[in-house]
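Visitor: I would like to see how this sequence folds:
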Amino acid sequence: MNQPVRLRVGGGQWVSGRIRNASISGAFITSRLSVMPLSPITVRFPSSRSKQSEELAPQELDGLVVRSTRTGLAIEWREFAPARVRTLIFIPVFESLWSAPEGSGRPVSPGAGFPAGNRES
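Guide: Predicted coordinates for the structure are as follows:
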């Protein structure tokens with residue numbers, strides 16, 4: 001995983017980071033930001049189109065720093081399993097399910113391998 005994000009502690013400046021590992025409960029983010037454990041943090045994801053609006057709006061998630069290292073921060077999301085993180089985690093999984101068989105040069109389509117009359121919906 002290599003998702004670019006912006007980070008802010010308190011009312012401080014936004015700092016660049018990259019999510020390297022994420023789960024429904026937290027993430028490890030590489031960054032030059034150095035903060036004490038138990039510090040509240042805001043993670044801003046890149047802009048994306050929302051279902052209600054065609055505007056591009058960044059999405060922010062709050063968390064708590066649980067570990068700080070020379071290379072980054074381990075954070076715990078304030079909300080368990082936020083929608084933005086579930087999307088970030090599960091999209092690569094689903095893309096791999098539909099990837100092409102090795103050496104075929106073509107994508108696998110849903111229902112491939114099922115006789116025409118027995119395809120699952």
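Visitor: low pLDDT regions in the protein?
Guide: Along the chain, the model assigns pLDDT under 70 to residues 48-58, 90-121.
Visitor: what's the longest strand in it?
Guide: Counting residues, the longest strand found in the chain (DSSP state E) is strand 56-68.
Visitor: packing partners of that strand?
Guide: strand 26-31, strand 40-49, strand 72-77, helix 83-97 (3 or more Cβ pairs under 8 Å, 6 or more residues apart in numbering; DSSP states H and E). Yep, even glycine has a C-beta here, placed from its N, CA and C like the rest.
Visitor: which one of those lies nearest to E60?
Guide: Of all the helices and strands packed on strand 56-68, strand 40-49 sits nearest to E60, with 4.9 Å by Cβ to Cβ.
Visitor: what strands line up against the closest one, and which way round?
Guide: With DSSP bridges as the test, strand 40-49 is paired with strand 3-9 (antiparallel), strand 56-68 (antiparallel).
Visitor: residues of the longest one that come out buried?
Guide: Of the residues in strand 56-68, those with enough neighbours to count as buried (16 or more other Cβ atoms under 10 Å) are L61, G63, V65, S68.
Visitor: closest one to R8 among the helices and strands packed on strand 56-68?
Guide: strand 40-49 (4.7 Å).
Visitor: now do that closest one against strand 72-77, angle only.
Guide: 80 degrees (axes from the mean of the first three to the mean of the last three Cα atoms, to 10 degrees).
Visitor: only the buried residues of strand 40-49, if you could.
Guide: So for strand 40-49, counting by 16+ other Cβ under 10 Å, buried means I41, T42, V43, R44, F45.
Visitor: got JSON lines for these, with distance to S25 too?
Guide: Shown next, in JSON lines, are these (distance: Cβ to Cβ, whole Å):
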{"residue": "I41", "distance to S25": "15"}
{"residue": "T42", "distance to S25": "17"}
{"residue": "V43", "distance to S25": "14"}
{"residue": "R44", "distance to S25": "19"}
{"residue": "F45", "distance to S25": "17"}
